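**Q** structure of the sequence below:
(chains A, B and C)
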Amino acid sequence: MVELTINNLQVKAEEGMTILEAAKSVGISVPTLCHLKDLVPSGACRICSVEVEGMRGLIPSCAYPVSEGMQVETNSPRVRRARKTIVELLVEDHPQDCLICVRNKNCELQDLSAVYGLREHRYHGESKEHSVDLSSPSMERDPAKCILCGRCVRVCNEIQKIGAIDFANRGFQSIVTTPYNKGLSQSDCILCGQCILVCPTAALRENSSMKAVSTALQSKTKYTIVQIAPAVRATLGEEYQMPLGTDVTGKLVTGLRRLGFKKVFDTNFAADLTIWEEANELVNRVKEGGSLPMFTSCCPGWVKYIETKAPELLAHVSSCKSPHEMEGAVLKTYYAKKLGINPKDVYVVSIMPCTVKKFEASRAELSEHTMPDVDAVLTTRELVRFFEVAGIDFEDLNDDKFDDPLGESTGAAAIFGASGGVMEAALRMAYHTLTGEHLDNLELNAIRGAGGIKEATIPIGGLNLNVAVVNGIGNIGPILDEIKAGTSKYHFIEVMSCPGGCINGGGQPIHQKTDKVLQRMKVLYDIDKKSVKRRSYENESIKTLYKEFFIEQGSHRAHEILHTSYHERKI
Amino acid sequence: MHQYIFDNYTKNDKSSLIPIMQEVQSVYGYLPEKVMKEVSGYVGLPLSRIYGVATFYNMFRLAPLGENIIKVCRGTACHVKNSANLLFAIENTLGIKAGETTKDRKFTIELVNCIGACSIAPVITVNDDYHGRITTKDIPSIIKKYSGKQKAAGIEKAEEAGTV
Amino acid sequence: MNTFLEKCCDECWHSKERPCDLFIRCASEGPLCHHNQSCRDKFIHLNNRMLYIEQDIPIIFIGMGTCGLASGAQKVEDAIRAEVEKLQIDVKIEATGCIGFCAREVIVDVKLPGEARVSYYEITPKIVSKLIQSTIIEKDIFTEKLLGAHEPHSKGIKLLNDDPFFKHQVKIVLKECGVINPVSIDAYIARGGFSAFDKALRRMKPEEVVREVLQSGLRGRGGAGFPTGRKWEMALKQKSAHKYMVCNADEGDPGAFMDRSVLESDPFRVVEGMLIAGYAIGASDGYIYCRAEYPLAIERLEKTINQCKEYSLLGDNILNSDFSFNLKIKKGAGAFVCGEETALIASIEGKRGMPKPRPPFPAIAGLFGMPTIINNVETLANVASIIGKGAEWFSGMGTEKSKGTKVFALSGKIRNTGLVEVPMGTTLNKVVFDIGGGIPGGKRFKAVQIGGPSGGCLPESVIETKVDYESLKDVGAMMGSGGFVVMDQDTCMVDLAKYFLTFIQNESCGKCVPCREGTKRMLEIIERIPTSYRFTKEKTDQLQRYKGMITLQRLASVIRDTSLCGLGQSAPNPVLSGLQYFRDEYEEHLYERKCSSGVCKELLVYTVDNSKCTGCGVCVRKCSDQAILGEKGHAHYIVEEKCIKCGMCFEACRFDAIVIN
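**A** Next up, the predicted model:
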């Protein structure tokens, strides 16, 4: 322990702690921009500058360790002047369009400008001009709004280990961009949107589908159906200042009905359906000697990753469509027929925690005769904007229930939104398929939580099934290397691009300063726990669906409608 | 395809990126995107990173340059000895700005921070030749010397305009 | 024996494969492993030949540094070769580096057997035959271009060291520059080269080497002046399997060329410094990070390293000891900021050269995360002399806190441009007027810019300032790497501030906000000072101009306070020192809209002197904007609204009829 003074307060801090952390421990907050918890400080933004006695210049508190007897001032006139100037410099080189910006009221630069009381443009001059990168259906890049804090670059390179974007040029011309400035669609970006979650401004944002959805809702010919991903219900409340970990399923259903959707279904239904098909596929591969290990295919970011980086391993990926695509496909075939309407008039909107789902919905493989399985994808954040425009006071809504029959789901489907959830759900099913018995231990703690690679061995009948859960695409490297080398011991591997799974997806509410993953996960695990039915094979609607339509798992029709194919992508 | 360059470096040695890029540039005169993709695979770095490095350092070029590269030194000593006027005269003679290449690809004008030949300021270099203590009056003859038989379009124009 | 690597006889067992630990001492003292007078004589003869004491035929030395080559040294060499061929005379031609007197290049020395070496200046191919005729054929002095003799000459001609340019210099780093063949390891060894390294390796513990350097008071010559010994001590204390020794030869300061010249003229001295440093801190690998703009220096370094390897002075188990040191050259790719230590490390690691916050200091976690010492070329070039002659000898020179000498690169509006080495504490006055010979062309001294983009401009009022780290800082400049650019009345200080800020803006890595955005705004403020409303789109220009000046100081202090690295922290210096000493010039630009130096183009007014104009029309053709009107044969007229102040008419006019106001 070392003792130091911060603003005349005696502070005891652990050795190796930064000034920033020490200050925080006594309730003194210091603004940061480039700082990202758990990563080596970059010291780029200088907004966290503090005065340390005996030092010539100001010190970046995020990067500087405490030492015995240190005297720190975090709020001296000199510090305030420096911070204000830094904010002024950033603002001067930033579009002055807060009022029409997607991040209005949720922008760190705006906050700092307010805190430091900017009232005039003191440093009038040239500001950088860059065009917006609209090349991707998932995301937009607006380098003019970028303050070059580098958080996105670090998330992309150090956490996701993709490296789709990096700094280019230098000095005033610096820009965070894709290789050869060609746009996201021509990079190896998997569109996971983790960069959006850390972006302090609107330099990175989703490519909005609100207009298309709004048009469809107005249309007299369209039969609009909406479905909600499991993870959305665990996070949407955050946008309404509800406590972290509030389950808002019921309000969501009500809200969506008020928006005018004819039917409100649950992607969880399709999650159960996915398990039926995927577990069956796994069992077949194990029994008949197919490509093992088998990878899950729910995460479109992961699918894009393997198509780009390791196309030779595509045979290992389950051919199952992801849940919302399955739901869309069923809606446009089975359900449309049931209702007696032209599938072309069915307009399916998915509310997803995810940016890649927008790209996924546009994949040619996932549409039948130019009719996509899913017509539009809205992120959690876009839905909130929809509610706001529609004047829906979300907090005051009553709970409601999903429509039938594609609204029924089991607890196994709910946990799809947390890393390890798909695996758990599939194991519950596979166990039953292989042994005819129910898996008793329903909670596999080894594959829950925030670990990067989680693994377990499940004895099923005479077989010890080795499974792994890759929590965040940044952890995939060694797993792929093992498979390429032929040394992988696994049978089944779940991969989720976003650390924590969909509950931390790139389409989720942006809150920079909270540690939210585990609390969001808990919502889903609680839903599972409270469910009467916790195994996908117990879903009655799905049983009916097979009886009436697909006949059996892996049937020809199931293959046509519920399965897909992949292809190598070159950049 | 460029294995002969890579052979001198260990695979996945990230610190060899810049030397490899320097070698590629010495072969091609610039960094072709295709080759950079190969480099990306060999050194184990994403293409974005390579693009970042290529645009960070002054020496790297993403497009081919002219046959003759005129570097105008913009060091302090050259500056106080009016290198700005030299630059202006070269730009005028060739009809291009610094950083550009003439249409016939004969000349590229580049600025360089300091060649370190301050004692004979102002200095320009054409390819590997130094020209020190020169004035704007020397520019046309220097350019002529390198333009070969085929005259650079800029010069012809300059001649017409009577600036040579 | 023609090289020290050759055996004097079969009893000698030194070879590349089996290095002898006595090798370096043998070279100077004769064979130590066996007693044989004839072997001894062989060594003595070789040494003498290397020192040019013994020679059979005349030797012609040509200064072939970059400045020499740029002044035509290659052509001179070709001419000399042709001439001696024609005359059928036997001479040896030796290429040397730069003796420092760049203003007088091409410098050619002639040494006849048994006579002193004599230097001649400004030799061109045209006068080569005269030179050879008078010196070699007539064995006389070519008085027309005589610079001086290196040693007392039988004809009693003036000594080189009596020339004011050399008289006030004390040469440690530059001692052999321009004298020695830079790519001959034997020549270096014959002059006592590597004996300091040998001493360190054989007779001193690493701690002792560090202590010696610490006591010598040597401070980093790259700019900031951090005590070299303290740095080494930090790295020595680190327990690490791997440490790195890096030589910073990324001489980026515009107006500085000391490092280039040393690497071109005496590269072995730098390598020996690195060996000693590597031994002292326990590094097994070294890098020389050299600017790619210095191809000649790189070429000579490559030769140096290869020879050292051949002589077992680099590689594993150097001179049969436990010390191994491998040295590689890393070519820079052109980024000023890479002179900053952490940026340089990033660059060697193959990254964008962007600085990182410290701590951790490179001495603790640097290159590839290992303890790393980075020293500048000049610093390392001092090390061998310190170890060889002792800390006391070194600290006997200089001032209380700045010991030894400093090399400066004189350039700009000064008569004797070139490289000089003076003891710390020498006054600026002495450097400018005594050594530098003052301002040419009868112009008035205005300022000297010291320390490059981080330094400042010092006017006549502080010309008695001593050159040492503290004194220069006190007057608002800094030592920097040694750029010494002299300015006369024709230099505009506002323009110079603009120049430096443009430089900083171009070279800012873009990582931290104050440097990336702040220096841009500073530049814009300065740029507005000498602009005319006619050339800007903004109607609010006038207001912005004054507003900018008000915020300038505040902006400068924040940039200095908060920038990540030294480049940004010192970026405002040229402006601040300009405001401190040349406020009247800023005010003249601001209020009177005038630039007395005639540099700020937009403030100039071009008119035609009717009495002189002949109406020849040359200016009309030169004018790119049709701003000049007039009939052939009648005085012309310049339309001010159209004039872009390019000055082409002024230069074209043969009758001095264009007047600039």
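**Q** what residues does the stretch 101-250 of chain A put near chain C?
**A** A:122-126, A:147-148, A:150, A:167, A:169-174 (CB under 8 Å from any CB of the partner chain). For the C-beta atoms, the positions are set from N, CA and C on the backbone; glycine is no exception.
**Q** how about 7 Å then?
**A** A:122-126, A:148, A:167, A:170-172, A:174 (CB under 7 Å from any CB of the partner chain).
**Q** kindly report the same for chain A.
**A** A:41, A:43-46, A:49, A:57-58, A:60, A:63, A:65, A:81-82, A:85-86, A:89-90, A:93, A:122-126, A:148, A:167, A:170-172, A:174.
**Q** low-confidence ranges in the chain?
**A** Let's take chain A. Applying pLDDT under 70 to chain A picks out residues A:369, A:512-514.
**Q** not quite, I wanted chain C
**A** For chain C (pLDDT under 70), the answer is C:533-541.
**Q** thinking again about what came up before, can you tell me which of the residues of chain A next to chain C are buried?
**A** A:41, A:43-46, A:49, A:57-58, A:60, A:63, A:65, A:82, A:85-86, A:89-90, A:93, A:122-125, A:148, A:167, A:170-172, A:174 (16 or more other CB atoms under 10 Å in any protein chain shown).
**Q** for the residue in the stretch 301-450 of chain A that chain B sits nearest to, what are its contacts?
**A** Residue of the stretch 301-450 of chain A nearest chain B, by CB to the nearest CB: A:K309 (10.3 Å). When contacts are counted by CB atoms under 7 Å, 6 or more residues apart in numbering or on different chains, A:K309 is found next to A:D188.
**Q** what about it, distance to A:S187?
**A** 12 Å (CB to CB, to the nearest Å).
**Q** same thing with B:S83?
**A** From B:S83 across to A:S187, the span is 40 Å (CB to CB).
**Q** now swap in C:I123 and tell me
**A** 59 Å.
**Q** in chain A, which residue sits closest to chain B?
**A** A:G163 (2.8 Å).
**Q** I misspoke; the intended subject was the stretch 451-600 of chain C.
**A** C:V485 (4.5 Å).
**Q** next secondary structure element downstream of the helix or strand containing that residue?
**A** Element membership for C:V485 (DSSP states H and E) is strand C:483-488. Where DSSP H and E defines the elements, the next helix or strand beyond strand C:483-488 is helix C:493-507.
**Q** next structured bit after that next one?
**A** Later in the chain than helix C:493-507, the nearest helix or strand by DSSP H and E is helix C:513.
**Q** can you give the distance of that following helix from its chain's centre?
**A** Chain-centre distance of helix C:513: 31 Å, with CA atoms, centre = their mean, to the nearest Å.
**Q** after it, which helix or strand is next? Please name it.
**A** Once the chain leaves helix C:513, the next helix or strand it forms, by DSSP H and E, is helix C:519-528.
**Q** name the residues that touch the helix or strand following that following helix?
**A** Counting by DSSP H and E, the element after helix C:519-528 in chain order, helix or strand, is helix C:541-562. Helix C:541-562 has contacts (CB under 7 Å, 6+ apart) with A:46, A:49, A:57-58, A:81-82, A:85-86, A:122-124, C:514-515, C:518-519, C:521-522, C:525, C:528-529, C:533, C:538, C:568-569, C:571-572, C:575-576, C:590.
**Q** quick one, domains of the chain?
**A** This is for chain A. Domain ranges of chain A: A:2-75, A:139-207, A:211-562, per automatic domain parsing.
**Q** that was the other one, I meant chain C.
**A** Domains of chain C are assigned by automatic domain parsing as C:59-167, C:185-395, C:405-491, C:494-592, C:604-660.
**Q** just the strands from chain B, written as ranges.
**A** Per DSSP state E, chain B carries strands over the ranges B:68-73, B:107-112, B:124-126, B:129-131.
**Q** wait, which of these is closest to chain A?
**A** Closest among those, using CB to the nearest CB: strand B:107-112, at 14.1 Å.
**Q** for the closest one, name the packing helices and strands.
**A** Packing partners of strand B:107-112 (3 or more CB pairs under 7 Å, 6 or more residues apart in numbering or on different chains; DSSP states H and E): strand B:68-73, helix B:83-94.
**Q** average pLDDT across that strand?
**A** Here strand B:107-112 scores 92 as its mean pLDDT.
**Q** tally of neighbours for A:E281?
**A** For A:E281, the count of nearby residues is 21 (other CB atoms under 10 Å in any protein chain shown).
**Q** so where's the longest helix in chain A?
**A** The residue-count maximum for a helix in chain A (DSSP state H) belongs to helix A:267-288.
**Q** ok now that one, how far from the chain's centre?
**A** Mean C-alpha position of helix A:267-288 versus that of the full chain (CA atoms, centre = their mean) differs by 23 Å.
**Q** got the domain ranges for chain B?
**A** For chain B, automatic domain parsing gives the domain ranges B:3-56, B:68-160.
**Q** read off the pLDDT value for the closest residue to chain A within chain B.
**A** Among the residues of chain B, B:P46 lies closest to chain A, at 2.8 Å counting by CB to the nearest CB. Looking at B:P46, its pLDDT is 95.
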